[in-house]
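Visitor: Mind looking at a prediction? Sequence and model below.
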Amino acid sequence: MNDYDPLRDYLKKQHLPEFVLTFDEIEAIIDAALPRAAHRASWWETQRSPQEKMPQREACLEAGYIATRQADGKSVKFKKIPKPR
């Protein structure tokens, strides 16, 4: 089990094309504190270094979302990955 499985499961239940969660909300979902590294944009970026497998990125991708840390440094935008036609 991945520490970010609860986040993946939460994201899978969402129907919005994009939305923002604060770090506090994410920590409540995963029932754990995010590491200090979560404050860096690169920790969330699913498009950057895709060959580097990181559990939080994998959880987002498995749920069909791309995650981007917001400029406020305290929240993350989740954007639905368009389905191929």
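Guide: Cool, got the structure. Numbers count the residues shown, from 1 in each chain.
Visitor: residue ranges with poor pLDDT in the protein?
Guide: 1, 46-52 (pLDDT under 70).
Visitor: Now do the helices in it.
Guide: 5-12, 23-30, 41-44, 55-62 (DSSP state H).
Visitor: Any idea which of these gets closest to residue 75?
Guide: Judged by CB to CB, the one of the helices of the chain that comes nearest to residue 75 is helix 23-30, at 6.6 Å. C-beta here means a position set from N, CA and C on the backbone, and glycine is covered the same way.
Visitor: Give the other helices and strands that the closest one contacts.
Guide: helix 5-12, strand 75-80 (3 or more CB pairs under 8 Å, 6 or more residues apart in numbering; DSSP states H and E).
Visitor: Mind doing that once more with 7 Å?
Guide: Contacts defined by 3 or more CB pairs under 7 Å, 6 or more residues apart in numbering; DSSP states H and E place helix 23-30 against helix 5-12.
Visitor: The helix it packs on: which residues count as buried?
Guide: If you call a residue buried by 16 or more other CB atoms under 10 Å, then helix 5-12 has these buried ones: 6-8, 10-11.
Visitor: Let me know whether residue 56 touches residue 5 as I believe.
Guide: No - the criterion here is CB atoms under 7 Å, and residue 56 misses it with residue 5 at 10.7 Å.
Visitor: and residue 13, how far is that from residue 7?
Guide: Counting by CB to CB, to the nearest Å, the gap from residue 13 to residue 7 is 11 Å.
Visitor: Oh, that last question was meant for residue 41, not what I typed.
Guide: Taking CB to CB, one finds residue 41 at 17 Å from residue 7.
Visitor: How about residue 72?
Guide: 19 Å.
Visitor: ok, now residue 57?
Guide: Taking CB to CB, one finds residue 57 at 11 Å from residue 7.
Visitor: Tally up the residues packed near residue 41, please.
Guide: By the criterion of other CB atoms under 10 Å, residue 41 has 15 neighbours.
Visitor: Go ahead and confirm it touches residue 69.
Guide: Yes - with contacts counted by CB under 7 Å, residue 41 reaches residue 69, the gap being 4.4 Å.
Visitor: Residue 76 is in contact with residue 21, isn't it?
Guide: Yes - Residue 76 lies in contact with residue 21 (CB under 7 Å); the separation is 5.7 Å.
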